[in-house]
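Enquirer: Output the structure for:
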Amino acid sequence: MDEKRSLEECSLHPILQRYGGVPLRNGTRRLGACHLDQSTSRLGKALDLLERLRPPWIGVVLYGSVARGDADEKSDIDVLQVVDGAAPDHYSDRDLSVTTYSLDQLEQLCIRGSLFALHLVTEGRILDDPSGAVAQTLAMYRPPDSYRPFWEAVRLASQILDVDGIEFESNPAGFTRLALYVTRTASILRHLELKGRPSFSLRELAVATNDPDLEHAFDGRDQATSLDRARFLIATSVLSRLTGEPIKNQFGSLEALAVNVEVEYPVVAGLAMRLLAGEETLGYGDLFLDPLLIWND
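Expert: Numbering: from 1, shown residues only. Purely as a prediction, here's the structure:
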């Protein structure tokens, strides 16, 4: 399909016709996904997802592989649901994965240069934004002065993964998911350093970092039975190469790690405590390990 075809020619969902994408810096809008040949069916599902969301919302943004155009039939549909005054949350419905933030929280993400906000600004497609508030907030994005705090958050979060076999088996899905999330964050940061621009595509990240194991670590990860020790070890090996450091908890235990980093890196401390509590599911927004934000319930 020709990339230059208009929205009207593409017979897209009326919401996408109204909100074809986040505002670009030149004031134009990114067109809808007419050019996503290999993902047309997935995009069609994404455009019908509003009926599957838990109301109410201020706005809805599609992001991830479906928005980017490299999804396959096993890919999740990743959605940001902007809500009124709630703490960040996550819920899912089969292939639908929803992260929720309030408008104020989204604004903080944008003005502090969060990687999650960068992902939304770079690849997101606004599906519903009746007041225009979400588009206006995303337009506030500014890159951080330095990504050093993000790297430090990655290094501290990697220490959560220094667990023996018994600890790992207490929550294999949780530890493996965290290993994948931290590894992906590290690869995004490395790509920014190497290329001077962001990428959130695993394929492109693997090429840029010259590490094919990055893609291998994520192959088939959506199957619950695949979140095992073998995948965990692949992910942590890639992570160690990306950080240039061994996976070693300098504090000795997860409890001690959480206590020592809670003030400066509350997101890392929270992840450690959630894994200790046996929590297996992490929201997509968690993978970016924003070190700058402390949410108030």
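Enquirer: all helices for the stretch 151-297 of the chain, in order.
Expert: For the stretch 151-297 of the chain, the helices defined by DSSP state H, counting those that start in this stretch occupy 165-170, 172-195, 202-209, 213-218, 229-243, 254-261, 266-276.
Enquirer: For residue 104, which of those is the nearest?
Expert: Of all those, helix 266-276 sits nearest to residue 104, with 17.5 Å by CB to CB. Any C-beta I mention is one placed from the backbone N, CA and C, and that applies to glycine too.
Enquirer: From the contact counts, what lies against that closest one?
Expert: helix 148-159, helix 172-195, helix 254-261 (3 or more CB pairs under 8 Å, 6 or more residues apart in numbering; DSSP states H and E).
Enquirer: Low-confidence stretches in the stretch 1-150 of the chain?
Expert: Where the stretch 1-150 of the chain drops to pLDDT under 70, the residues are 1-47.
Enquirer: Tell me where it has helices.
Expert: 7-10, 14-18, 40-47, 65-68, 103-111, 115-123, 133-138, 148-159.
Enquirer: Among the ones you listed, show me which one is buried the most.
Expert: Of those, the one with the most neighbours on average (mean count of other CB atoms under 10 Å) is helix 65-68, at a mean of 25.
Enquirer: Domain parsing of this protein, as residue ranges.
Expert: In the domain annotation for the chain, the residue ranges read 7-138, 148-288 (automatic domain parsing).
Enquirer: now the helices and strands packed on helix 266-276 in CSV, with distance to residue 231?
Expert: Formatted as CSV, the helices and strands packed on helix 266-276 follow (distance: least, CB to CB, whole Å):
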stretch, distance to residue 231
helix 148-159, 16
helix 172-195, 5
helix 254-261, 20
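Enquirer: ok, now how distant is residue 205 from residue 176?
Expert: Distance, residue 205 to residue 176, using CB to CB, to the nearest Å: 19 Å.
Enquirer: Would you agree residue 121 is in contact with residue 141?
Expert: Yes. At 4.7 Å, residue 121 counts as touching residue 141 under the criterion of CB atoms under 8 Å.
Enquirer: Overlap in contacts, those two.
Expert: residue 110 (CB atoms under 8 Å, 6 or more residues apart in numbering).
Enquirer: out of the helices and strands packed on helix 266-276, which comes closest to residue 96?
Expert: Ranking those by their distance to residue 96 (criterion: CB to CB) puts helix 172-195 first, at 17.4 Å.
Enquirer: Pull out the buried residues from that closest one.
Expert: 172-192 (16 or more other CB atoms under 10 Å).
Enquirer: quick one: that helix to helix 266-276, angle?
Expert: Relative orientation of helix 172-195 versus helix 266-276 (axes from the mean of the first three to the mean of the last three CA atoms, to 10 degrees): 150 degrees.
Enquirer: what angle sits between helix 172-195 and helix 202-209?
Expert: For helix 172-195 against helix 202-209, the angle by the same axes, to 10 degrees is 60 degrees.
Enquirer: Mind exporting the C-alpha coordinates of stretch 61-72 to PDB?
Expert: This file holds the C-alpha atoms of stretch 61-72, laid out as PDB (Å, rounded to 0.1, in the frame of the first residue of the first chain):
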ATOM      1  CA  VAL A  61      -2.600   6.500  22.900                       C
ATOM      2  CA  LEU A  62      -1.600   3.400  20.900                       C
ATOM      3  CA  TYR A  63       2.200   2.700  21.000                       C
ATOM      4  CA  GLY A  64       4.600  -0.200  20.700                       C
ATOM      5  CA  SER A  65       4.900  -2.700  17.800                       C
ATOM      6  CA  VAL A  66       1.400  -2.200  16.500                       C
ATOM      7  CA  ALA A  67       1.800   1.500  16.300                       C
ATOM      8  CA  ARG A  68       5.300   1.200  14.900                       C
ATOM      9  CA  GLY A  69       4.200  -1.300  12.200                       C
ATOM     10  CA  ASP A  70       6.400  -4.300  13.000                       C
ATOM     11  CA  ALA A  71       3.900  -6.400  15.000                       C
ATOM     12  CA  ASP A  72       3.100 -10.000  14.300                       C
END
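Enquirer: what separates residue 188 from residue 123, distance-wise?
Expert: 12 Å.
Enquirer: Please apply the same query to residue 260.
Expert: Taken as CB to CB, the span from residue 260 to residue 123 is 35 Å.
Enquirer: cool, and residue 251?
Expert: Relative to residue 123, and taking CB to CB, residue 251 is found at 36 Å.
Enquirer: Quickly list what's touching both of residue 188 and residue 123.
Expert: Common contact partners of residue 188 and residue 123 (CB under 8 Å, 6+ apart): residue 200.
Enquirer: shouldn't residue 49 be in contact with residue 79?
Expert: Yes. Between residue 49 and residue 79 there is a contact at 6.4 Å, judged by CB under 8 Å.
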